[in-house]
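Student: When you get a sec, could you give me coordinates for this:
(one chain, ligands or ions: 1)
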Amino acid sequence: MDEDIIRLYGLPHSLYTAKARAYLRKQGIAYDEVPPTDARFAERIVPAIGRAIIPVVELPDGTIIQDTVDIIDHFERMAEVRWSAYPVDPALRMLAHLFELYAVVGLTRHAMHYRWSYLDEQRAFLTQAFASGGDEARAQATMGRMQSYLPMLGVNAETIPAIEESFRELLDTLDRHFARHAYLLGNRPSIGDYALFGPLFAHLGRDPVPLAIMQHRAPRVFRWTERMHAPDLDLVEYADDGSGFAPLPDLLATLDPLLGQIGGEILPDLRDRLAFLRAFVADGKAHPGEPVTAKPHQRVIGEVETRFRGAAYRGGVQPYAFFLWQRLIGAAADAPELADVFGRHGLDFLTDCDLPIRVERRGHIEVWAA
Ligand SMILES: N[C@@H](CCC(=O)N[C@@H](CS)C(=O)NCC(=O)O)C(=O)O
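Tutor: As a prediction, the model looks like this:
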């Protein structure tokens with residue numbers, strides 16, 4: 001392996017690797033993708049970050065970066081970025097942050113449901129993926145662990161019909177949008193595209209069952225997954241007039257239904273999680289300056305009874321969701337022109353609310369702000 005090249009520790013079927021990989025490809029940044037079964041991952045990466053998680057970027061000077069937000073932001077600070085993932089227009093930037101939040105708080109559930117609830121139909125495909133670079137027994141153990149996350153993510157008998165209805169609605173809306181625009185915000189990919197690409201490619205645009213639904217129902221969404229993975233902007237079906245991101249009114253004509261869907265799906269969740277966080281902070285359980293959980297691999301600080309499209313489930317409260325939510329609140333302050341649209345969909349709750357404590361990223365993990 002070339003010692004001067006960036007290493008991306010990741011896997012073809014990993015949701016968050018897809019996000020980081022698409023970004024590196026679009027920016028023309030050379031990298032080698034290495035699986036986490038590589039000896040160097042256990043010897044150097046895991047001790048440095050305290051857990052086995054992907055993607056991880058290792059720079060030629062040895063710097064290690066974990067978390068897709070930190071990976072993208074690292075390269076955004078470099079001069080060689082071809083197409084910045086952060087729109088300059090504050091309103092577009094705010095939309096991008098909303099999609100980033102929805103990808104994690106909303107679509108992880110769809111991704112995990114379609115991957116693991118249809119295991120019998122997809123077993124050969126998934127076993128091949130999870131066994132690559134490792135052994136079969138280890139693959140089965142990892143697959144079992146992944147499947148065990150389903151209840152905590154809100155995948156149960158009651159929510160499954162709602163998740164599938166949501167997937168169809170999302171595909172229909174995005175297919176109409178991509179009839180007019182190459183990316184979510186015009187002719188350039190933003191952090192919103194990269195975030196949505198994780199679930200919409202690595203699981204939903206790749207695993208046999210959801211891929212078939214996507215290809216039959218929403219060919220333009222499938223094309224967008226190809227476009228997101230291309231090393232260029234891949235605008236062949238669109239007029240590339242060099243305009244970059246599109247004007248807000250043009251975008252809202254087809255994105256408005258998506259904002260409605262996002263509001264309907266993530267607001268109940270986030271309201272309940274916020275109530276939990278307020279009580280957690282009031283009880284003195286969030287220690288400023290300290291990691292959000294006792295061990296780096298622990299992602300949740302508790303559980304709440306909540307709802308997804310009206311269906312009840314008990315889900316985990318992830319401080320990472322508040323970290324992304326804060327980014328949206330920060331972006332909203334500069335974009336008053338979206339206040340009406342957000343208000344119409346109840347999304348003003350997200351932008352106008354005060355979180356009781358900030359979540360920051362330090363030393364590859366989330367910490368409560370000092
Ligand atoms: N917030 C992290 C999430 C990364 C993540 O969840 N990666 C998954 C693979 S797609 C993982 O490594 N999971 C290991 C586990 O949960 O045990 C990021 O954006 O990088």
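Student: drop to CA atoms for contacts and neighbour counts, all remaining ones
Tutor: Noted.
Student: any idea of the mean pLDDT for stretch 39-46?
Tutor: Per-residue pLDDT over stretch 39-46 has a mean of 97.
Student: And the ligand, is it touching that?
Tutor: No: applying Cα under 6 Å from any ligand atom, one finds that stretch 39-46 is not in contact with the ligand, the shortest distance being 11.4 Å.
Student: Flag every buried residue along that stretch.
Tutor: Neighbour-count burial for stretch 39-46, with 16 or more other Cα atoms under 10 Å as criterion, is recorded at Phe41, Ile45.
Student: Would you work out how far apart the start and end of it are?
Tutor: The first and final residues of stretch 39-46 sit 10 Å from each other (Cα to Cα, to the nearest Å).
Student: What about the closest residue to Arg82 other than its chain neighbours, how many residues nearby?
Tutor: Ranked by Cα to Cα, 6 or more residues apart in numbering and with sequence neighbours excluded, the top spatial neighbour of Arg82 is Gln27, at 5.4 Å. Applying other Cα atoms under 10 Å, we find 20 other residues in the vicinity of Gln27.
Student: for Gln27, what are its contacts?
Tutor: For Gln27, the set of contacting residues under the criterion of Cα atoms under 8 Å, 6 or more residues apart in numbering consists of Glu80, Val81, Arg82, Trp83, Pro231.
Student: What of Asp232?
Tutor: With Cα under 8 Å, 6+ apart as the criterion, the residues that contact Asp232 are Arg25, Lys26.
Student: so what's the backbone phi/psi at it?
Tutor: Note on Asp232: its backbone torsions stand at phi -120, psi -170 [degrees, to the nearest 10].
Student: Strands along the stretch 1-150 of the chain, start to end?
Tutor: The residue ranges that make up the strands of the stretch 1-150 of the chain, judged by DSSP state E, counting those that start in this stretch, are 6-9, 31-34, 56-58, 64-66.
Student: tell me the most buried of those?
Tutor: Stretch with highest mean neighbour count among these: strand 56-58 (a mean of 25; mean count of other Cα atoms under 10 Å).
Student: For the longest helix seen in the chain, what is the distance to the chain centroid?
Tutor: Counting residues, the longest helix in the chain under DSSP state H turns out to be helix 248-282. In terms of Cα atoms, centre = their mean, to the nearest Å, the centre of helix 248-282 is set 15 Å apart from its chain centre.
Student: swap in stretch 94-109?
Tutor: Mean C-alpha position of stretch 94-109 versus that of the full chain (Cα atoms, centre = their mean) differs by 6 Å.
Student: Name the residues that touch it?
Tutor: With Cα under 8 Å, 6+ apart, stretch 94-109 has contacts from 86, 150, 153-155, 163, 185, 190-193, 195-196, 198-199, 262, 265-266, 321, 324-325, 327-328, 331-332, 335.
Student: Glu265 touches His345, doesn't it?
Tutor: No: assessed by Cα atoms under 8 Å, Glu265 is found out of contact with His345, at 10.9 Å.
Student: Tell me where the model's unsure across the stretch 251-370 of the chain.
Tutor: Under the criterion of pLDDT under 70, none of the stretch 251-370 of the chain is flagged as low confidence.
Student: Run through the helices of it in chain order.
Tutor: With helices called from DSSP state H, counting those that start in this stretch, the stretch 251-370 of the chain shows them at 319-332, 339-344, 348-352.
Student: any chance of these in a markdown table, with mean neighbour count and distance to the ligand too?
Tutor: Output for the helices of the stretch 251-370 of the chain, formatted as a markdown table (neighbours: other Cα atoms under 10 Å; distance: least, Cα to the nearest ligand atom, whole Å):
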| stretch | mean neighbour count | distance to the ligand |
| --- | --- | --- |
| helix 319-332 | 20 | 7 |
| helix 339-344 | 15 | 26 |
| helix 348-352 | 18 | 20 |
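Student: Can you tell me which residues in the stretch 101-250 of the chain are near the ligand?
Tutor: Looking at the ligand, no residue of the stretch 101-250 of the chain is close enough under Cα under 6 Å from any ligand atom.
Student: Repeat the analysis, applying 8 Å as the threshold.
Tutor: Residues of the stretch 101-250 of the chain found near the ligand (Cα under 8 Å from any ligand atom) are Arg145, Met146.
Student: Can you name the residue of the stretch 101-250 of the chain nearest the ligand?
Tutor: With Cα to the nearest ligand atom as the measure, Met146 is the residue of the stretch 101-250 of the chain nearest to the ligand, at 7.2 Å.
Student: residues near the nearest residue to Val46 once chain neighbours are set aside, how many?
Tutor: Once flanking residues are discounted, Val46 sits nearest to Ala52: 5.7 Å by Cα to Cα, 6+ apart. Other residues within reach of Ala52 by the criterion other Cα under 10 Å amount to 15.
Student: residues contacting Phe125?
Tutor: By Cα under 8 Å, 6+ apart, the contact list for Phe125 reads Asp207, Pro208.
Student: need the residues of the stretch 251-370 of the chain near the ligand, please.
Tutor: Counting by Cα under 8 Å from any ligand atom, the stretch 251-370 of the chain comes close to the ligand at His297, Tyr320.
Student: chain center to stretch 13-21, what's the gap?
Tutor: Averaged C-alpha coordinates place stretch 13-21 at 9 Å from its chain's average position (Cα atoms, centre = their mean).
Student: List phi and psi for Thr159.
Tutor: phi -80, psi -20.
Student: do Pro12 as well
Tutor: Recorded main-chain torsions at Pro12 are phi -60, psi -30, according to degrees, to the nearest 10.
Student: I am finished for the moment; much appreciated.
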